[in-house]
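Trainee: Got a predicted structure plus its sequence, pasted below:
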Amino acid sequence: MLIINGEKVPEVLIEHEINRLKPHYERQFADQDQATREQQLREWAKENVVEHFLFRQEAAKDERPVDEQEVADKLDEVIKRAGGEDTLLEQSSFTGIDQVKAEIEKDFKADRLMKEVQSHVTEPDDDTIKQHYEKHKNDRYKTPEQVRAAHIVKHCKGTEQKKTAWKEISKAQKDLDAGKSFEDVAGASSDCADNAGDLGYFPRGRMVQEFEDVVFDELEIGQVSDIFWTGFGYHIAKKYDHVQAGPVGFEAARESIHNELLTSRKQEAIYVFLDRLKEKADIREA
């Protein structure tokens with residue numbers, strides 16, 4: 001059994017952490033043999049549990065009260081989610097509702113401590129954000145190849161519906177040939193008439209292959225297709241725009257990079273704080 005500063009850690013918590021980490025871990029380390037994976041996974045799970053306990057133990061030293069109403073609201077939420085007090089106690093290791101309340105108070109104190117540890121983190125300045133962008137713009141801040149297209153579609157299932165759909169899509173094509181705008185015909189004739197059939201911008205892999213072959217590879221910008229078939233029915237498509245893959249502009253990426261760097265700094269502040277707690281902690285197995 002793991003003991004942290006005199007507090008016993010139930011083995012079930014480590015098992016729960018193993019199960020939580022397992023899907024991601026096994027994908028990431030699929031090249032390792034099973035015994036090695038299982039041993040490493042258990043060590044990672046134990047490390048996470050140790051950090052969780054140390055942080056909560058440190059937070060519990062804070063004698064400042066937490067908001068009683070917030071605790072009461074959270075307790076009500078936990079009880080309702082469990083299906084009642086009796087069910088909550090039956091499905092957990094808690095011996096009474098007062099113990100549940102005490103754990104919730106510890107959670108609130110831990111949240112408060114985390115915010116205080118992270119409150120000293122400085123936000124990244126523009127130069128740092130710009131340097132990060134320049135370093136990663138060709139591998140992390142890219143937009144995929146995209147087109148903006150619209151379509152007139154007639155859905156059909158079965159031979160009879162297919163005949164009817166063909167007549168209707170043929171009529172739509174005649175209207176286009178007569179000079180009516182694509183948008184007017186789509187609004188009046190398509191089975192997906194919202195926004196005049198405009199599908200907005202989308203990358204490869206979003207639509208069925210037959211549709212993408214037409215709008216990505218066969219049409220020029222502004223061109224309208226002939227009638228073609230996909231598993232959804234008959235279509236006539238119009239291509240409005242085609243954007244090649246390339247870096248996202250700095251201004252478009254700035255906020256995302258700022259948030260990413262700030263989150264990383266906050267995480268690092270927690271890691272440093274936990275390392276200090278580990279240095280003075282009594283952690284052993286009995």
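Mentor: It's in.
Trainee: give me the number of residues near Pro247?
Mentor: Pro247 has 17 neighbouring residues, counting by other C-beta atoms under 10 Å. C-beta: built from backbone N, CA, C; applies to glycine.
Trainee: what do you get for the one 10 residues further on?
Mentor: A count of neighbours around Ile257, defined by other C-beta under 10 Å, yields 22.
Trainee: Contacts only, for it.
Mentor: 124, 129, 132-133, 141 (C-beta atoms under 8 Å, 6 or more residues apart in numbering).
Trainee: let's see it at 10 Å
Mentor: 124, 128-133, 136-137, 140-141, 248, 250 (C-beta atoms under 10 Å, 6 or more residues apart in numbering).
Trainee: That one and His132, how far apart?
Mentor: Counting by C-beta to C-beta, to the nearest Å, the gap from Ile257 to His132 is 5 Å.
Trainee: What are the boundaries of the helices in the stretch 101-250 of the chain?
Mentor: Here the stretch 101-250 of the chain has its helices, by DSSP state H, counting those that start in this stretch, at 126-136, 158-177, 182-189, 209-212, 250-280.
Trainee: distance of the residue of the chain most remote from its centre from Ile283?
Mentor: Computed with C-alpha atoms, centre = their mean, the residue of the chain farthest from its C-alpha average is Ala178, at 47.4 Å. Going from Ala178 to Ile283 by C-beta to C-beta gives 81 Å.
Trainee: ok, now Lys154?
Mentor: To Ile283, Lys154 is 68 Å away according to C-beta to C-beta.
Trainee: for Asp98, same thing?
Mentor: Asp98 is 29 Å from Ile283, by C-beta to C-beta.
Trainee: So those two - more neighbours on which side?
Mentor: Using other C-beta under 10 Å, the more surrounded residue of Asp98 and Ile283 is Ile283, with 14 against 9.
Trainee: What does the pLDDT read for the more buried one?
Mentor: If you check Ile283, the pLDDT there is 94.
Trainee: Which strand residues bridge the nearest residue to it once chain neighbours are set aside?
Mentor: Computed as C-beta to C-beta, 6 or more residues apart in numbering, the closest residue to Ile283 that is not its neighbour in sequence is Ile4, at 5.4 Å. On the basis of DSSP bridges, Ile4 is bridged to Glu7, Ile283.
Trainee: Quick check: Ile4 touching Ala281?
Mentor: Yes. Between Ile4 and Ala281 there is a contact at 6.5 Å, judged by C-beta atoms under 10 Å.
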